[in-house]
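**Student:** Predicted model, plus sequence, below.
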Amino acid sequence: QVQLVESGGGLVQAGGSLRLSCAASGRTFSNYAMGWFRQAPGKEREFVAAISRSGDITYYADSVKGRFTISRDNAKNTVYLQMNSLKPEDTAVYYCAARLWVATPTRADWVENGYWGQGTQVTVSS
């Protein structure tokens with residue numbers, strides 16, 4: 001079992017930045033690919049970004065490419081999501097996920113074989 005705790009959400013104006021963190025515990029962190037997903041009210045949960053176990057491979061949704069950066073620190077068992085140039089449409093609950101071995105940009109892969117945090121709210125005002 002992997003426990004994930006997100007932090008760093010909040011209210012920010014459009015054009016601003018936030019950095020989300022996700023602290024993992026319970027299993028060997030470096031065995032897990034990590035991902036960020038988000039869910040806006042009335043919408044399905046969608047893929048945002050993912051990173052491989054060593055951090056050398058990353059994936060991004062087209063909607064965040066060039067604005068968001070995913071990174072990880074295996075010594076601290078933590079994955080980050082740096083969000084810049086935020087837009088009102090980025091408003092959502094952001095979830096951290098862990099998946100054994102392989103990172104993918106496919107939401108279904110994480111739903112079927114992943115661990116999830118409780119989420120952190122990000123609100124971007126216009």
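**Tutor:** Structure received.

**Student:** what's the helix or strand of the chain with the lowest mean pLDDT packed up against?
**Tutor:** Every helix and strand in the chain was compared by mean pLDDT, DSSP states H and E; the lowest is helix 107-112, with a mean of 90. Packing partners of helix 107-112 (3 or more CB pairs under 8 Å, 6 or more residues apart in numbering; DSSP states H and E): strand 32-39, strand 46-51, strand 92-100. C-beta: built from backbone N, CA, C; applies to glycine.

**Student:** please redo it, this time with the cut-off set to 6 Å
**Tutor:** Applying 3 or more CB pairs under 6 Å, 6 or more residues apart in numbering; DSSP states H and E, we find helix 107-112 packed against no helix or strand.

**Student:** Show me how far that helix is from its chain's centre.
**Tutor:** 14 Å (CA atoms, centre = their mean, to the nearest Å).

**Student:** can you check stretch 54-70 too?
**Tutor:** Taking mean C-alpha positions (CA atoms, centre = their mean), stretch 54-70 and its chain are 10 Å apart.

**Student:** got a pLDDT number for residue 113?
**Tutor:** Note on residue 113: pLDDT of 85.

**Student:** what about it, neighbour count?
**Tutor:** 14 (other CB atoms under 10 Å).

**Student:** list the contacts for it?
**Tutor:** Shown in contact with residue 113 (CB atoms under 6 Å, 6 or more residues apart in numbering): residue 99.

**Student:** same question, residue 48
**Tutor:** Listed by CB under 6 Å, 6+ apart, the contact set of residue 48 reads 36-38, 61, 64.

**Student:** rerun at 8 Å
**Tutor:** Going by CB atoms under 8 Å, 6 or more residues apart in numbering, residue 48 touches 35-38, 60-61, 64, 68, 81, 94.
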